[in-house]
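# sequence below, structure please.
(one chain, ligands or ions: 2)
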Amino acid sequence: MNAPAPRLFAFDNTYVRDLENFYVRCKPTPASKPSLIRLNTSLASELGSDPARLAAPEGVEALAGNRIPEGAEPIAQAYAGHQFGGFSPQLGDGRALLLGEVIDIHGRRCDIAFKGSGRTPFSRNGDGKCALGPALREYIISEAMHALGIPTTRSLAVVATGDMVRRDRALPGAVLTRVAASHVRVGTFEYFAAHQGPEQVKRLADYVIARHYPELVASGQPYLDLLAGVAERQALLVARWLGVGFIHGVMNTDNMTISGETIDYGPCAFMEAYDPATVFSSIDHHGRYAYGNQADIAQWNLARLAESLLVLIDADTDRAVARATDVLTAFPDRVAAHWLAVMRAKLGLDESGEASDDRQLAEDFLSLLQAARLDFTNAFRALHEAATGNPLPLQALFGDSAGFDAWRTRWQARQPDHPDTLLTAMQRANPWVIARNHRVEEALAAAVERFDLAPFERLLAVLQNPYAARPDDIAYTEPAPAEVTACYQTFCGT
Ligand code: AMP
Ligand code: MG
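Ligands and ions are numbered 1, 2, ... in the order given. Got it, this is the predicted structure:
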């Protein structure tokens, strides 16, 4: 860590500058033998960086944490969080570091951060490290979500450290470079509300308003509007998750961003057969974070944000509670409105129908899927095929189910023809391919156990273009055998 690396990124670090006391400066732990496993060249270019320089030895040293690139000011951010409903007053970046911020070529400010770069003052008993498998898992799923058009943090690079990480066995270690609109979480507000009082909460709120909700700067009630703004983005986000069968898996308040991006890909997974009770996380014994609970949990998390903001919303506590409660009670309707829009697109429906009828039509289709244990993604895609004039995939899925025939008659009566604009919207709402669990595991096993990255690269390439059907990739659209799904478990990314 002697000479500074050449200027790989044009850093401009507002968090460090504006929010002293909100973090601890901290250096990454050098890796003993860094090697580049994956670089997201298009994202690098979007960040205004040169992919060739990032892939060169000095770039890899920087992405491993062995050299601090010029302009970076690495910090561990402080945050708290409710985990599975219980409050942990001090979490913070225990195995992550924010390197700094850049303005991308679209003019958006982005955080560039490491995951797995060693211990920090927030590490508690953890080693601060990340194993290669979970780093690659976050890379695949976050990039798949991005390709689906869902707000998410991105993955810029994975570097193997050359060091082993102790888990239930020794595993190769890695550093993931993550890019986010910011890493401010609900838990960041909880930390300052719990430990430091109103002025610090206000500083944080003013910072995130300027960064993520600039339209609120001139508002007469900016903090109530901030709560409403975060709620609105979360309502949209959860509806989008539901539309592609995504299960976040660990929606603790420290894993919910203020920006509205999906963050922290640990035990997340895509549902196959439709069942709202689906949960894969090994530690989620009661299904708190099951597919169908995600809207309720988002509301619960927003209530924790509301509590942190109360002192800013109104000096009179009763009035503050009443105002915040109005925002929170409106949340289920906001999710329902976004969900209806998602479902109309998935069913190829125009806007002319009664909302309650269209909602019922969608729910009845889902009930049919659940009763027959049909694959969520493929069933909706078969509907798209039927709308384009090929009813065979749909028939193959449902056979001669009388219940389905009755539903199809209603569906066709509701939308007798599908003009091109509806078909295009329908295709864009119904991915042809998702990151199926057995495919993800296959790619990770090859990478970690045999250092064979070909299945990982192939899967990434397939997921880059999720909406267009491609005969060569058809194997990636097949669900896992039911017995594999039945015992599939995901783990927090430690
Ligand atoms: P996560 O499960 O990634 O949301 O992490 C929850 C909290 O545990 C955060 O404060 C992390 O920084 C911390 N944490 C998770 N894994 C480790 C680790 N291996 N070493 C240190 N801290 C960790
Ligand atoms: Mg987390």
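
# which elements pack onto whichever strand in the chain runs longest?
The longest strand of the chain (DSSP state E) is strand 154-166. Secondary-structure packing of strand 154-166 (3 or more Cβ pairs under 8 Å, 6 or more residues apart in numbering; DSSP states H and E): strand 35-39, helix 41-46, helix 57-64, helix 132-147, strand 170-180. From N, CA and C alone the C-beta is placed, and that goes for glycine too.

# could you export the ones you listed as TSV, including distance to ligand 1?
Converted to TSV, those look like this (distance: least, Cβ to the nearest ligand atom, whole Å):
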stretch	distance to ligand 1
strand 35-39	19
helix 41-46	21
helix 57-64	17
helix 132-147	9
strand 170-180	10
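
# quick one: neighbours of the closest residue to ligand 1 within the stretch 301-450 of the chain, just the number.
The stretch 301-450 of the chain approaches ligand 1 most closely through N301 (13.2 Å), counting by Cβ to the nearest ligand atom. Per other Cβ atoms under 10 Å, the neighbour tally for N301 reads 25.

# could you say which helix or strand holds it?
In the assignment (DSSP states H and E), N301 maps to helix 294-313.

# so P151 makes contact with L237?
Yes: judged on Cβ atoms under 8 Å, P151 makes contact with L237 at a distance of 5.9 Å.

# compare these two (neighbour count), which wins?
Counting neighbours by other Cβ under 10 Å for P151 and for L237 shows that L237 has the greater number, 25 against 17.

# E363 and Y274, how far apart?
Distance from E363 to Y274, counting by Cβ to Cβ, to the nearest Å: 11 Å.

# ok, now which ones touch the residue in the stretch 301-450 of the chain positioned nearest to ligand 2?
Shortest the stretch 301-450 of the chain-to-ligand 2 distance, computed as Cβ to the ion: residue-wise this is N301, at 12.8 Å. Taking Cβ atoms under 8 Å, 6 or more residues apart in numbering, we find N301 in contact with 82, 186, 234, 251-253, 256.

# so which of these are in helices?
Secondary structure from DSSP state H places 186, 234 of those in helices.

# would you mind putting the contacts of N301 into JSON lines with neighbour count alongside?
Shown next, in JSON lines, are the contacts of N301 (neighbours: other Cβ atoms under 10 Å):
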{"residue": "H82", "neighbour count": "20"}
{"residue": "V186", "neighbour count": "27"}
{"residue": "Q234", "neighbour count": "25"}
{"residue": "M251", "neighbour count": "24"}
{"residue": "N252", "neighbour count": "26"}
{"residue": "T253", "neighbour count": "28"}
{"residue": "M256", "neighbour count": "27"}
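
# just name the closest of the contacts of N301 to L171, please.
Among the contacts of N301, N252 lies closest to L171 (Cβ to Cβ), at 23.9 Å.

# and the closest one, what is it in contact with?
Counted by Cβ under 8 Å, 6+ apart, N252 has contacts 81-84, 187, 301.

# close to ligand 1: what parts of the protein are there?
Within the chain, the positions near ligand 1 by Cβ under 6 Å from any ligand atom are 91-96, 122-123, 126-129, 254-255, 264, 266, 492-494.

# now with 8 Å, please.
When proximity is defined by Cβ under 8 Å from any ligand atom, the chain lies next to ligand 1 at 79, 81, 83, 88, 91-96, 116, 119-120, 122-130, 250, 252, 254-255, 264, 266, 492-494.

# break down the stretch 351-494 of the chain into its helices, ranges please.
Assigned by DSSP state H, counting those that start in this stretch, the stretch 351-494 of the chain shows helices spanning 355-372, 376-387, 392-398, 402-414, 420-429, 437-450, 454-463, 482-486.

# I'd like the average pLDDT over the shortest one.
Throughout helix 482-486, pLDDT has a mean value of 82.

# neighbouring contacts of that helix?
By Cβ under 8 Å, 6+ apart, helix 482-486 touches 272-273, 373, 437-438, 479.

# can you lay out those residues as TSV showing pLDDT?
Compiled in TSV, the contacts of helix 482-486 are given as follows (pLDDT from 0 to 100):
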residue	pLDDT
E272	96
A273	96
R373	95
N437	96
H438	96
P479	96
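
# just the local confidence number for P466, please.
Value listed for P466 in the pLDDT field: 98.

# most centrally placed residue in this protein?
Among the residues of the chain, the one closest to the centroid is T262, at 2.6 Å (Cα atoms, centre = their mean).

# partner residues bridging that residue?
As for beta bridges, T262 partners with T152 under DSSP bridges.

# tell me the one of the contacts of helix 482-486 nearest S308?
N437 (35.2 Å).

# surely that closest one meets F270?
Yes: at 6.9 Å, N437 counts as touching F270 under the criterion of Cβ under 8 Å.
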